[in-house]
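*Asks:* Just the structure for this:
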Amino acid sequence: TLLYTIKFEYNVSRSMDQKPPQELSMDDFLKKIGEFGRFQKLLVGILSIPANIVAFPFLIIYFTNLEPGWKCVEGSRECVMNGTFNSSDVRRCEMSRDEWQFTEPDSFSLVTQYSLVCGREWLTHLSSSMFFLGVAAGTTTFGYVADNYGRKFPIFGSVAVLIAVMSAAPFLPYIEPFIACRFVMGFTAVTDTQSFVIVNEYVGSQHRPIIGNLLWVIWAVVECTLALKAYFVRDWKLLYVLCSAPYAVVLLGWWFVPESARWLSVNGRKEEAMENLRKVARFNKTEMPENCFLKCPTKEAMCHEVAGRVTFLDLFTSGRTLALRTIIQILVWISVGLLYYGITIAMADLGGDIYTNFVFSSLVEIPAYIICMWGVNALGRKAMTISSMMLASLGCILVFLMPIHDPVWGPVRITTGVLSKLFVCVNFSSIYTWSLELYPTRLRAIGFGFLVVMSQIGGAGSPWVAKALIPVSPPLPFIVMGSVGILTAMLMFLLPETKDWGTLETVDNKSSKTTAGTTSNKDVTGDGVSADVVIFNENIEDV
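*Replies:* Numbers count the residues shown, from 1 in each chain. Got it, this is the predicted structure:
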């Protein structure tokens, strides 16, 4: 009896010393095992490669779609003019194609290779637009895959296809199949979006702006690399190969990059999520919290079975607030895509050397992202995004007002154009962070991907604005982009500030910034996903 009494008292004493099991959210776990430790830094380093090599097919058109001047073929009887002529001189279109030639060899660009002049210029613009339409389709597709089947496969599967197609497409004999390949390139050029999502899901909220902007700084470095390659390699086919094949090494990252722990948790795979968090803790050389388990961010039943599949329709059916936010952001992202890619393409028409202009417009992105890193935390996501859009738009309008070839105003015009690129980069980076925080985890990848689709719709229109409007009036593209930007900046006042919000895990999360003065509006979507959405009791400005 004495032994049993001693044993009983010992067990009671030990149980009293042990802490009861504690339920922690994903953000709470990251605070204990490291919000931005060795693991997160290495993850950024690895994913920065697939996230940024998509800059090559995006911006390579700046060099590969150049149209050089022309001259008469030596000994021609029909073309008897001496000297070389600007590409805008249409007199060649009245002659036989055999009577004149480009001032550069056929291998110089897409235009010289397929003779895309004299009524065939639209094929050049179409090859650019098809890429952006491919991005729109690919982002939608891979966004669905990422939200329903995981973030990892869309990154490495798409980059493998992108590298293969980009290496082979330039050697096609006709322009039509090449344009089709440009669509495929765009379809698989989604690694930046999914890399951005998975990196942000492994870091704490205060580090997200820094992480996002680090990826954008690397993007700017890649742009400068493209300009360097294009300067020394004046063969458009070889340029395509050099911007794709060497980066196949990135596929080795498959064996290091883990699946998103947040995605695993939300989809009912808590044990796998916990195992990934243990790996993060070991790599960060921190202690995993004892006697703690991961809080399931969805309803309790979803902790034991996989949550319902989501589609982009859930962005509009998961409550009024989320639907209105999405509609507003659609218009914003279309404008952002038009301005970013439009200003980049139009840099060649500011005057001066095209390679120098491109390098300056690329280098200016680095201070832009540094400004954004400071601004989104110091001023807030909303203030930084709106102010940068307004400044970029005003810069475009000023470029429109300045004479093009004036020896005094020429350098000022180029400088103003470069500054417009700086502010539109600040805007693009800010809106990435802002929009990510406006969506819950279960809808984040597909919601964010859907918005990127909208930016590509704007991007698809950018060649037609930046290039096709020039014959009407050379400065016209800038006034169009400036006007669109000002209207967009005004529209963004309708979205809420998300600075210091916790990560929204589901659409029924209420962050510390939205608890006061709100009511809950229950809305169950068709796929069974509960949608208790915060409805603000104030004006639409609070949507």
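*Asks:* What's the mean pLDDT across stretch 268-277?
*Replies:* Across stretch 268-277, pLDDT averages out at 83.
*Asks:* now stretch 404-414
*Replies:* On average, stretch 404-414 scores 76.
*Asks:* export it as PDB, just CAs?
*Replies:* What follows is stretch 404-414, C-alpha atoms only, in PDB (Å, rounded to 0.1, in the frame of the first residue of the first chain):
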ATOM      1  CA  ILE A 404      11.400  64.100 -78.300                       C
ATOM      2  CA  HIS A 405      14.500  65.200 -80.200                       C
ATOM      3  CA  ASP A 406      15.200  68.500 -78.500                       C
ATOM      4  CA  PRO A 407      18.900  68.700 -77.400                       C
ATOM      5  CA  VAL A 408      17.900  70.500 -74.200                       C
ATOM      6  CA  TRP A 409      14.700  68.600 -73.200                       C
ATOM      7  CA  GLY A 410      15.900  65.200 -74.600                       C
ATOM      8  CA  PRO A 411      18.000  64.200 -71.500                       C
ATOM      9  CA  VAL A 412      15.200  65.600 -69.200                       C
ATOM     10  CA  ARG A 413      12.700  63.400 -71.100                       C
ATOM     11  CA  ILE A 414      14.800  60.300 -70.600                       C
END
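*Asks:* Return the set of buried residues in it.
*Replies:* Of all the residues in stretch 404-414, those buried under the rule 16 or more other C-beta atoms under 10 Å are Gly410, Arg413, Ile414. Every residue, glycine included, has its C-beta placed from N, CA and C.
*Asks:* Relative to Gly157, which of these is nearest.
*Replies:* Ile414 (41.2 Å; C-beta to C-beta).
*Asks:* How about the closest one, nearest residue that isn't a chain neighbour?
*Replies:* With C-beta to C-beta, 6 or more residues apart in numbering as the criterion, Ile414 has its nearest non-adjacent residue at 4.9 Å, and that residue is Leu350.
*Asks:* Same check on Ile397?
*Replies:* Using C-beta to C-beta, 6+ apart, the closest residue to Ile397 is Gly482 (3.9 Å).
*Asks:* Which strand or helix spans that neighbour?
*Replies:* helix 476-491 (DSSP states H and E).
*Asks:* gap between that helix and the chain center?
*Replies:* 21 Å (C-alpha atoms, centre = their mean, to the nearest Å).
*Asks:* Determine the three-state secondary structure at Ser88.
*Replies:* Classification of Ser88 using DSSP: H, G, I helix; E, B strand; the rest coil returns coil.
*Asks:* any idea which element the residue nearest the centre of the chain lies in?
*Replies:* Nearest to the centroid of the C-alpha atoms of the chain, with distances taken as C-alpha atoms, centre = their mean, sits Thr193, at 5.1 Å. Secondary structure from DSSP H and E places Thr193 in helix 191-200.
*Asks:* before we move on, what about Ile404?
*Replies:* Using DSSP H and E, no helix or strand contains Ile404.
*Asks:* right, and it touches Val412 too?
*Replies:* No: contact criterion C-beta atoms under 8 Å: Ile404 and Val412 do not qualify, at 11.5 Å.
*Asks:* returning to that earlier point: buried set for the helix holding Thr193?
*Replies:* So, applying 16+ other C-beta under 10 Å, buried residues of helix 191-200: Thr191, Asp192, Thr193, Gln194, Ser195, Phe196, Val197, Ile198, Val199, Asn200.
*Asks:* Kindly report the same for stretch 74-90.
*Replies:* In stretch 74-90, counting by 16+ other C-beta under 10 Å, buried: Ser76, Cys79, Phe85, Ser87.
*Asks:* repeat for stretch 141-157
*Replies:* Buried-residue list, stretch 141-157, by 16+ other C-beta under 10 Å: 141-148, 150-152, 154-157.
*Asks:* Among the residues you listed, which one sits closest to Asn377?
*Replies:* Once C-beta to C-beta is applied, the member of these that ends up nearest Asn377 is Arg151, at 25.4 Å.
*Asks:* Could you list which residues are in contact with the closest one?
*Replies:* Gln194, Val197, Ile198, Glu201, Glu259, Ser260, Trp263, Ala445 (C-beta atoms under 8 Å, 6 or more residues apart in numbering).
*Asks:* re earlier: can I get the buried residues of stretch 404-414 in a markdown table including secondary structure and distance to Ser318?
*Replies:* Compiled in a markdown table, the buried residues of stretch 404-414 are given as follows (DSSP: H, G, I helix; E, B strand; the rest coil; distance: C-beta to C-beta, whole Å):
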| residue | secondary structure | distance to Ser318 |
| --- | --- | --- |
| Gly410 | helix | 52 |
| Arg413 | helix | 47 |
| Ile414 | helix | 47 |
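*Asks:* Turn the residues you listed into JSON lines, columns for distance to Gln456.
*Replies:* Shown next, in JSON lines, are the buried residues of stretch 404-414 (distance: C-beta to C-beta, whole Å):
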{"residue": "Gly410", "distance to Gln456": "33"}
{"residue": "Arg413", "distance to Gln456": "29"}
{"residue": "Ile414", "distance to Gln456": "28"}
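*Asks:* ok, of those, which one's closest to Pro440?
*Replies:* When the buried residues of stretch 404-414 are compared against Pro440 (criterion: C-beta to C-beta), the nearest one is Ile414, at 44.0 Å.
*Asks:* before we move on, the earlier item: just give me the closest of the buried residues of stretch 404-414 to Ala248.
*Replies:* Ile414 (37.3 Å).
*Asks:* Please report the distance of that closest one from Ala146.
*Replies:* 40 Å (C-beta to C-beta, to the nearest Å).
*Asks:* Helices of the stretch 301-450 of the chain, start to end?
*Replies:* For the stretch 301-450 of the chain, applying DSSP state H, counting those that start in this stretch gives helices covering 314-317, 320-346, 354-363, 365-378, 381-401, 409-437, 441-466.
*Asks:* where does this structure have its least confident helix or strand?
*Replies:* None of the helices or strands of the chain scores lower by mean pLDDT, DSSP states H and E than strand 530-536, at a mean of 29.
*Asks:* Can you pull out the low-pLDDT segments for the protein?
*Replies:* Across the chain, the ranges flagged by pLDDT under 70 are 1-21, 209, 212-213, 296-312, 351-352, 405-406, 441, 445, 500-543.
*Asks:* 50 instead?
*Replies:* 8, 10, 12, 14-16, 298-307, 509-543 (pLDDT under 50).
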